[in-house]
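*Asks:* everything below, folded, please.
(2 chains)
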Amino acid sequence: MTAVLLASLPAHVSYPFSQALSDLTQIAPIAWVTLTLLLCVLADLILPRHRRGTAVASMAVAGLVVSLGFAVWFWYRGDGHGAYAGYVTGDRFAVFFEMLFAVLGILVVLVSHAYLRRRGMLESEFHVLTLAGIVGMMTLGAATSLVTVFLGLELLSVAFYVTCGFAREETTAQEAAAKYLLVGGFASAFVLYGMALVYGAAGSTLLPVISQRLAHAGVLGNPLLSLGVILLGVGFAFKVSGVPFHQWTPDVYQGAPLPVTAFMSVGTKAAAFAMIIRVFVQALPSMTVEWQVLLAVVSAASMIVGNLMAIVQTSVKRLLAYSGIAQAGYVLIGVVAGGRAGLGAVLFYLFAYLFFNFGAFAILTVLVRPDGEHDDLGDLDGLGYRHPVLGVMMSIFMLSLAGFPPLAGFFGKFFLFSAGIAAGWTWLVVIAVLASVVSVSYYLRVLLHVWTPETAGKRLFVRAGPVAAVAVSAVLAVLFGIYPALLYGAGLFGAAPIPGR
Amino acid sequence: MPDYGQFHVGTSTLSTTWFLGLGAILFGLGAIGVVIRRNPLVILICIELMLNAANLTLVAFSRQLLNLEGQLFALMTMTVAAAEAVVGLAILVDIFHRRDVEDVDELHELKG
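*Replies:* Predicted coordinates for the structure are as follows:
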C-alpha cells in the first residue's frame, strides 16, 4: 500500500533556491506581515514594559506599510502566478485583497493604540493578534487550494476568538468570545467536512484542478458533491453572517472591544467573500446552479432581516451589526450575478465598505471612557455640535452606508444592482432596492442623534491616531464616490484572474 | 462513482465506504451534540469530534484516490484543531473563573 502511494510521488524532489525565491516573491506581502508579527513578538519580550505598546504599534504599522508597498508594486507589475505547487497565488485577485487588508491593518492599529491605552488593556499582544488576523485574511485572498483556504480561515478565526474577549474583566466580552468561539468552530467544522467531500469527488485540493475535473468527469450527479457544496455554503454563510446563520453577529459585535468590532465587521466579511469567490466561482463553476440558489436565498433573507432588525436597536454597535448583515446581503448579489461585472462590483464594494464602515465604528471610540464603552444612540447626542469635524465625518459614513450619491456607498450599490439585473436576478435586486429604502430610516436616526443641539455632554476622547484613521476613511469614502472609476477599474482588474462563465 | 479502495484488516477486507460512513456518523453525532448539549465544554468537544470526522473522511478519500493531498490536509487540520482547542479552553476557563456556567443559555447579557 505504502509503495503504491510513494510511487505516485516523483522519484526525487528537486527544489532549487531560485524556485524558492520565486515562490516567496509571489507571497511577499503575506510573508512580510508574518515576519513583522514575529519581530513584534520578539520586541514584546525584549523591551521594557512601558515602551512595549508604542514600539510594537509602530513596528506593526511600518510592517503593514511595507507590505502595502509590495502589494501595490505587484499590482502594477501584474504578472503574478501560482506558487508553492499551486497552493497559493500572487495573481491580481490575491494582490487586490492584500492591498485591502494592509490598509485595514494600518487603520486598526491606529485606532486600537489609543483605545487600549485609554482602557488600560494589554497592548503589544493585541497588535500581534491583529497582524495574525491580517495574515489569515490575506491568505484567504491568495489561496488556490482547499488546504490553504482552510488554514487562512482558521488563522483569522482563532486570532479573533482571542481579541473578542480582550476586555477580560468584563463578563460581556467573555460572553462574546465564548459565543464567537463556539459558533465559529461549528461553522469551520462544516466548511472542513464540505471540503473533504469536494476533495473526494474531485480527487484534488487545488481549486483550478477541481474546476477542471468536475467539468468533464461524470461526477455531477454525485450526492456527496452536492452535500459538500451545501455544507460549504452553510459554513460560508456563517462567516459572512448571512441570515439565518447571523444570530451570533450582534452579540459578538456588541461584546467585543470597539477596534475588534471595526476590524471584524470589515475584515472577516471581505475575507469570507474572497473565500466564497475562490471556492465557489473558481473551483466549483460546474455546481453554479446549486450555490447560486443557496446564496440568493441567504442574500434576500439577510437584506430583509438585517434591515428590519436594525430599526429597533438602541445600541449603535448592534445597529451597525445588523446593518452589516444587510450589507453582506447586497454584496452577495454581486457573487450570485457573477461574471466580471458582478465580481468587479463585489471587489469595489468591499474596498469602499472598508472605509465607510470602519470609519463609523472608529468614531465611536471617541466616546470611550476608562470605565468602558458608551455606544447607545443617546451617547451620540450633540456629537456634531461638540466636535463638528467628527459630526460631519459620521454623516458621511452614515449617508454612504445608506447609499446616498455622490458617496462611495451609492456607486457600490449601483454596480452591484446593475450587475444583478444584467444577470437576470431582477427579483433579488427589487428586494435589495426596497430594503435599502428601509435602511435609510435607521441611518438617518443615528444622524438625528449626532445633530441634536446639545453642547453639554461628557468630554470627548479625541486622539490623533483614531482621528487620522477616521479622516482618511472619510476622504476616501468621498473620493471613491466622486471618482468611482478609479476603484471600479481596479475591481475589474482584480476579478480578471477568476475565470468567468 | 470512482473506484473504491479496499482496506485489508487481518484476513478480511473493508471497502472505503465503511470509513466514509463512520466519518459521516461521527460528524452527525458532533453536530447534534453542538445543537442539543448546553455545557460549553461539551460543545467544544463536539466541535472537535466534527473536525476529526472530517479528518477521517479526508484520509479515507486519500487512500481510495491514491492521492496524498488528503493526508496532508488532515495533518494541517490536526494542528489547527489543536490551536483552536487551546484558545477555546483558555476562553472557557477564564469564564469559569468568573462564574460557574453550566449552560450556554446563562450567557445572555448581550441582547437588544
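*Asks:* now for the residue nearest to A:Tyr253 when sequence neighbours are not counted, how many residues are close by?
*Replies:* Nearest non-adjacent residue to A:Tyr253, counting by CB to CB, 6 or more residues apart in numbering or on different chains: A:Ala321, 3.9 Å away. C-beta here means a position set from N, CA and C on the backbone, and glycine is covered the same way. Neighbour count of A:Ala321, defined by other CB atoms under 10 Å in any protein chain shown: 27.
*Asks:* so A:Ala321 is in which element?
*Replies:* helix A:316-337 (DSSP states H and E).
*Asks:* next structured bit after that helix?
*Replies:* Criterion used, DSSP H and E; the element after helix A:316-337 is helix A:339-364.
*Asks:* before we move on, back to that, for the helix holding A:Ala321, what is the average pLDDT?
*Replies:* The pLDDT scores in helix A:316-337 average 96.
*Asks:* that helix versus helix A:339-364: what angle between them?
*Replies:* With axes from the mean of the first three to the mean of the last three CA atoms, to 10 degrees defining the directions, helix A:316-337 sits at 170 degrees from helix A:339-364.
*Asks:* which strands or helices does helix A:316-337 pack on?
*Replies:* Applying 3 or more CB pairs under 8 Å, 6 or more residues apart in numbering or on different chains; DSSP states H and E, one finds that helix A:316-337 contacts helix A:248-255, helix A:258-276, helix A:288-311, helix A:339-364, helix A:408-422, helix A:426-450.
*Asks:* so which of the ones you listed comes closest to A:Thr144?
*Replies:* helix A:258-276 (11.6 Å; CB to CB).
*Asks:* gap between that closest one and the chain center?
*Replies:* On the basis of CA atoms, centre = their mean, to the nearest Å, helix A:258-276 sits 3 Å off its chain's mean C-alpha point.
*Asks:* equivalent analysis for stretch B:34-45, please.
*Replies:* Taking CA atoms, centre = their mean, one finds stretch B:34-45 lying 13 Å from the centre of the chain it belongs to.
*Asks:* quick revisit: between the helix holding A:Ala321 and helix A:426-450, how many degrees?
*Replies:* 160 degrees.
*Asks:* mind listing what's buried in helix A:316-337?
*Replies:* Under the neighbour-count criterion of 16 or more other CB atoms under 10 Å in any protein chain shown, helix A:316-337 has A:316-337 buried.
*Asks:* could you pick out the longest helix of the chain?
*Replies:* Chain wasn't specified; assuming chain A. The longest helix of chain A (DSSP state H) is helix A:171-202.
*Asks:* not quite, go with chain B.
*Replies:* Longest helix in chain B, counting residues (DSSP H): helix B:69-98.
*Asks:* hang on, the earlier thing: mind listing what's buried in the longest helix of chain A?
*Replies:* By 16+ other CB under 10 Å, the buried positions in helix A:171-202 come out as A:171-202.
*Asks:* restrict these to those near chain B?
*Replies:* Counting by CB under 8 Å from any CB of the partner chain, A:171-172, A:174-179, A:181-182, A:185-186, A:188-190, A:192-193, A:195-197, A:199-200 from the buried residues of helix A:171-202 sit close to chain B.
*Asks:* which residue does the stretch 1-150 of chain A have closest to chain B?
*Replies:* Closest contact between the stretch 1-150 of chain A and chain B, by CB to the nearest CB, is at A:Val147 (5.0 Å).
*Asks:* how much does the helix holding A:Ala321 deviate in direction from helix A:288-311?
*Replies:* Helix A:316-337 and helix A:288-311 are oriented at 160 degrees to each other (the same axes, to 10 degrees).
*Asks:* do the strand or helix carrying A:Gln212 and chain B come into contact?
*Replies:* Here A:Gln212 sits within helix A:207-216, counting by DSSP H and E. No: remark: helix A:207-216 sits outside contact range of chain B, by CB under 8 Å from any CB, the gap being at least 9.8 Å.
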